[in-house]
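**Student:** sequence below, structure please.
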Amino acid sequence: MEFDFSPLLMNWRFLGNGVIVTILLSIVSAVGATMLGGTIGLARAYGPRWVTVPLAFYVDTMRAIPVLVVLIWTYFAFPLVAGITLPHFAAASLALILHIAAYVSEIVRSGVGSVRPGQTRAGLALGMSKAQVVRKIVLPQAIVRVLPAYGSILSITIKDTAIATVIAVPEFMHQSETIASQSLRPMEVFTTAMVIYFLLLFPVTRGVDRIYRRVAHLGRS
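**Tutor:** Numbering: from 1, shown residues only. The predicted structure is shown next:
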């Protein structure tokens with residue numbers, strides 16, 4: 001079997017633009033999911049029941065529905081419900097944020113719950129408010145403890161951007177499919193795609209692991 005990578009070389013700018021869109025979509029989704037998921041996790045850990053019950057329903061729902069279904073609903077059904085048509089990139093970002101935030105919230109909630117209750121009681125006994133205890137005692141330890149799991153979430157976020165191709169977001173997978181269909185060289189194109197995704201993901205996962213090894217002692221109590 002002969003390999004021909006010339007279609008990739010001739011269209012490297014086209015693929016490069018796809019990589020840039022993938023990176024931007026990953027950053028927007030990761031930041032949005034971290035903020036939303038962190039808020040939900042803390043609300044479930046410390047909020048009243050009338051807040052925790054609907055949030056628990058949201059988390060269970062998002063974890064039970066495939067991200068592809070969330071994406072398609074966001075792009076095709078949400079405009080009918082809300083009367084707002086979302087651009088391709090915005091729809092993909094919103095779907096990924098809503099889906100991934102559910103997992104982030106559980107990571108945050110487990111991290112907060114792993115801090116011994118005695119530390120909270122000690123902080124309150126010293127005259128600190130509950131908010132101060134959470135901010136100065138619980139969160140610094142919890143953040144360190146959840147870093148390995150959070151690294152996995154980041155890698156999943158980057159990989160999940162590939163599903164945005166179904167609504168024609170010009171990310172890397174969509175551009176790769178376009179070249180593969182035009183050049184009739186799927187082996188070369190998708191093998192290259194695998195390598196590119198690895199090059200995007202490997203520094204992220206290794207970087208988070210390296211940070212965790214350096215700060216792991218701060219999460220011990």
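**Student:** tell me where this structure is predicted with low confidence.
**Tutor:** 1, 221 (pLDDT under 70).
**Student:** output the longest helix belonging to it.
**Tutor:** The longest helix of the chain (DSSP state H) is helix 12-46.
**Student:** now tell me what touches the helix or strand just after that one from outside.
**Tutor:** Helices and strands here follow DSSP states H and E; after helix 12-46, the next one along the chain is helix 49-64. By CB atoms under 8 Å, 6 or more residues apart in numbering, the residues outside helix 49-64 that reach it are 40, 43-44, 47, 70, 98-99, 101-103, 105-106. Just so you know, the C-beta spots here come from the backbone N, C-alpha and C atoms, and that holds for glycine as well.
**Student:** now helix 49-64 against helix 12-46, angle please.
**Tutor:** For helix 49-64 against helix 12-46, the angle by axes from the mean of the first three to the mean of the last three CA atoms, to 10 degrees is 150 degrees.
**Student:** any idea how far helix 49-64 is from the chain center?
**Tutor:** Average the C-alpha atoms of helix 49-64, do the same for its chain, and the two points are 18 Å apart (CA atoms, centre = their mean, to the nearest Å).
**Student:** tell me which helix or strand comes right after that helix.
**Tutor:** Toward the C-terminal end, the helix or strand that comes next after helix 49-64 (DSSP H and E) is helix 67-72.
**Student:** show the residue spans covered by the helices in this structure.
**Tutor:** For the chain, the helices defined by DSSP H occupy 6-10, 12-46, 49-64, 67-72, 78-82, 88-113, 117-125, 130-133, 139-145, 147-160, 172-183, 186-215.
**Student:** most tightly packed of those?
**Tutor:** helix 88-113 (a mean of 22; mean count of other CB atoms under 10 Å).
**Student:** how far away from the center of its chain is that helix?
**Tutor:** Worked out by CA atoms, centre = their mean, helix 88-113 lies 6 Å from the chain centre.
**Student:** report all helices and strands that it contacts.
**Tutor:** Counting by 3 or more CB pairs under 8 Å, 6 or more residues apart in numbering; DSSP states H and E, the packing neighbours recorded for helix 88-113 are helix 12-46, helix 49-64, helix 67-72, helix 139-145, helix 147-160.
**Student:** which one of those lies closest to Ser181?
**Tutor:** helix 12-46 (13.0 Å; CB to CB).
**Student:** quick one: list the elements packing against the closest one.
**Tutor:** The contact analysis (3+ CB pairs under 8 Å, 6+ apart) places helix 12-46 against helix 49-64, helix 88-113, helix 147-160, helix 172-183, helix 186-215.
**Student:** swap the cut-off to 10 Å and go again
**Tutor:** The elements that helix 12-46 packs onto, with contact taken as 3 or more CB pairs under 10 Å, 6 or more residues apart in numbering; DSSP states H and E, are helix 6-10, helix 49-64, helix 88-113, helix 139-145, helix 147-160, helix 172-183, helix 186-215.
**Student:** just to revisit the earlier point, and the angle for the longest helix of the chain with helix 186-215?
**Tutor:** Using the same axes, to 10 degrees, helix 12-46 lies at 40 degrees relative to helix 186-215.
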